[in-house]
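> coords below, sequence missing:
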């Protein structure tokens with residue numbers, strides 16, 4: 001990867017020569033390169049007053065209103081177990097450096113780097129739009145997925161409460177929902193999720209990448225601490241909500257050795273099921289991740305990228321269905337076998353977590369129509 005020299009704009013230099021990365025406390029990315037659709041590129045330049053050497057001001061989150069006209073996203077991907085999802089936010093404050101959703105910000109004219117985690121679009125009409133779409137005569141019920149692109153329980157949710165409003169509508173319509181999150185904030189909504197779970201209408205998956213606080217602190221800076229996520233699994237289980245763990249992503253060299261430990265800790269906390277995704281680095285995510293490696297783990301960087309490429313047919317990402325989640329090659333096969341053996345040993349994925357779609361009814365429709 002190369003970047004632009006701040007003191008000599010236009011000169012390409014290696015990451016090892018970078019003088020001062022944009023290290024903001026609580027942020028994952030260390031740069032904010034222009035998106036791939038932009039006609040112009042920008043570079044910092046010292047104005048003679050040493051501005052590039054000054055301490056960085058805190059990077060505050062900017063909340064932007066998204067006036068979308070619909071809220072349900074549809075897909076036909078054969079390797080994804082759902083055909084519809086809801087994302088009340090675009091961009092994510094968690095700042096996970098590996099997030100495959102980062103490139104989506106470039107469609108908006110922003111960077112997949114710091115812009116992705118500091119310019120967050122919110123959909124204030126999400127619940128209203130959902131009610132309208134679920135009330136359509138031709139709507140057919142199937143599990144609604146949340147957390148498929150950005151986390152529905154990212155820090156902004158504490159004030160915005162969009163995810164909670166969506167859950168209230170889904171509960172009213174008796175519509176099944178499956179949530180993936182790396183936030184403990186999901187516990188706030190157990191009063192909605194627990195009654196839904198009793199009817200087979202709710203399940204939650206907690207995403208855990210590492211149990212190492214030091215790694216997690218820079219890898220996913222604003223997500224809940226690893227042990228706090230394990231505690232969330234325990235509390236969801238105690239509340240009667242079916243809960244699983246996603247060991248995602250598995251990062252070669254850096255976190256892959258923790259696979260068994262994560263699964264064991266989650267199972268002991270009450271997880272019923274488990275899944276995993278081998279790290280993939282689409283588009284702008286690849287240079288951002290490499291930059292992060294050079295900044296935080298320079299001695300391991302070359303090794304990590306080498307294994308990733310060996311597992312992705314010489315690239316850092318695979319776009320083909322099925323292969324994009326688990327990779328290929330010797331390392332990917334080893335992870336697959338380790339996951340299979342450990343889940344069998346722990347009794348994970350033995351019980352069906354299938355959602356109930358038979359109870360769905362549009363809002364206002366009576367339990368059973370009268371005879372006359």
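Everything's here; your move. This is a predicted model, so every value here is computed, not measured.
> neighbours around residue 310, how many?
16 (other Cβ atoms under 10 Å). Glycine gets a C-beta too; all of them are placed from N, C-alpha and C.
> just give me the longest helix of the protein.
helix 330-346 (DSSP state H).
> pull out the buried positions in that one.
Across helix 330-346, burial judged by 16 or more other Cβ atoms under 10 Å covers 331-332, 335, 338-339, 342-343, 346.
> equivalent analysis for stretch 84-99, please.
85-99.
> between those, which sits nearest residue 277?
residue 98 (9.9 Å; Cβ to Cβ).
> just to revisit the earlier point, turn the buried residues of helix 330-346 into a markdown table, including pLDDT and distance to residue 269.
Formatted as a markdown table, the buried residues of helix 330-346 follow (pLDDT from 0 to 100; distance: Cβ to Cβ, whole Å):
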| residue | pLDDT | distance to residue 269 |
| --- | --- | --- |
| 331 | 98 | 28 |
| 332 | 98 | 27 |
| 335 | 98 | 22 |
| 338 | 98 | 20 |
| 339 | 98 | 18 |
| 342 | 98 | 15 |
| 343 | 98 | 15 |
| 346 | 98 | 11 |
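> name the nearest of those residues relative to residue 143.
Closest approach between the buried residues of helix 330-346 and residue 143, by Cβ to Cβ: residue 343, at 21.6 Å.
> quick one: that closest one and residue 271, what's the gap?
10 Å (Cβ to Cβ, to the nearest Å).
> then residue 164?
Distance from residue 164 to residue 271, counting by Cβ to Cβ: 24 Å.
> with residue 222 instead?
Taken as Cβ to Cβ, the span from residue 222 to residue 271 is 23 Å.
> tell me which of the two has more neighbours.
Comparing residue 222 with residue 271 by other Cβ under 10 Å, the one with more neighbours is residue 271, at 29 against 20.
> returning to that earlier point: and the buried residues of helix 330-346, which two are the farthest apart?
Taking Cβ to Cβ, no two of the buried residues of helix 330-346 sit farther apart than 331 and 346, at 22.5 Å.
> quick one: least confident helix or strand in the protein?
strand 2-4 (a mean of 42; mean pLDDT, DSSP states H and E).
> quick one, what contacts residue 284?
Residue 284 makes contact with 33, 35-36, 102-103, 106, 111-113 under the criterion Cβ atoms under 8 Å, 6 or more residues apart in numbering.
> quick one: contacts for the residue lying closest to residue 75 once chain neighbours are set aside?
Once flanking residues are discounted, residue 75 sits nearest to residue 83: 6.1 Å by Cβ to Cβ, 6 or more residues apart in numbering. Going by Cβ under 8 Å, 6+ apart, residue 83 touches 74-76, 142.
> out of those, which is most surrounded?
residue 142 (14 neighbours).
> in a strand, that's where it is, yeah?
No: assigned with DSSP: H, G, I helix; E, B strand; the rest coil, residue 142 falls outside any strand and is coil.
> residue 194: neighbour count?
Residue 194: 15 neighbours (other Cβ under 10 Å).
> double-check that it belongs to a helix.
Yes: with three-state DSSP as the criterion, residue 194 is part of a helix.
> was I right to think it contacts residue 240?
Yes: contact criterion Cβ atoms under 8 Å: residue 194 and residue 240 qualify, at 5.6 Å.
> any chance you could map the helices in the chain?
114-118, 126-134, 157-160, 162-173, 190-198, 213-219, 226-238, 259-269, 285-296, 301-310, 323-326, 330-346.
> nearest to residue 23, out of those helices?
The closest of the helices of the chain to residue 23 is helix 285-296. By Cβ to Cβ, the value is 7.3 Å.
> what helices or strands is the closest one leaning on?
helix 213-219, helix 301-310 (3 or more Cβ pairs under 8 Å, 6 or more residues apart in numbering; DSSP states H and E).
> hmm, who's touching the longest helix of the chain?
Residues outside helix 330-346 that contact it (Cβ under 8 Å, 6+ apart): 247, 250, 252, 256, 259-260, 263-264, 267, 274, 276, 278, 307, 310-311, 326-327, 348-349.
> try 10 Å this time
Residues from elsewhere that reach helix 330-346 (Cβ atoms under 10 Å, 6 or more residues apart in numbering): 247, 250, 252-253, 256-257, 259-264, 266-268, 271, 273-276, 278, 306-308, 310-312, 323, 326-328, 348-350.
> re the thing from before, as CSV, the contacts of residue 83 with pLDDT would be great.
As requested, these are exported to CSV (pLDDT from 0 to 100):
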residue, pLDDT
74, 97
75, 95
76, 92
142, 97
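> from the residues you listed, which is closest to residue 358?
residue 142 (11.7 Å).
> so which bits of stretch 31-41 are buried?
Buried-residue list, stretch 31-41, by 16+ other Cβ under 10 Å: 31-35.
> hang on, the earlier thing: may I ask which two of the buried residues of stretch 84-99 are separated the most?
Farthest apart among the buried residues of stretch 84-99 by Cβ to Cβ are 86 and 97. That separation is 24.8 Å.
> longest strand anywhere in this protein?
Of all segments of type strand in the chain, defined using DSSP state E, the longest is strand 243-250.
> what angle separates that one from helix 190-198?
Counting by axes from the mean of the first three to the mean of the last three Cα atoms, to 10 degrees, strand 243-250 lies at 100 degrees to helix 190-198.
> tell me the pLDDT at residue 193?
pLDDT for residue 193: 98.
> was I right to think it contacts residue 181?
No: applying Cβ atoms under 10 Å as the test, residue 193 and residue 181 come out as separate, 11.6 Å apart.
> check contacts around residue 347.
Contacts of residue 347 (Cβ under 10 Å, 6+ apart): 267, 272.
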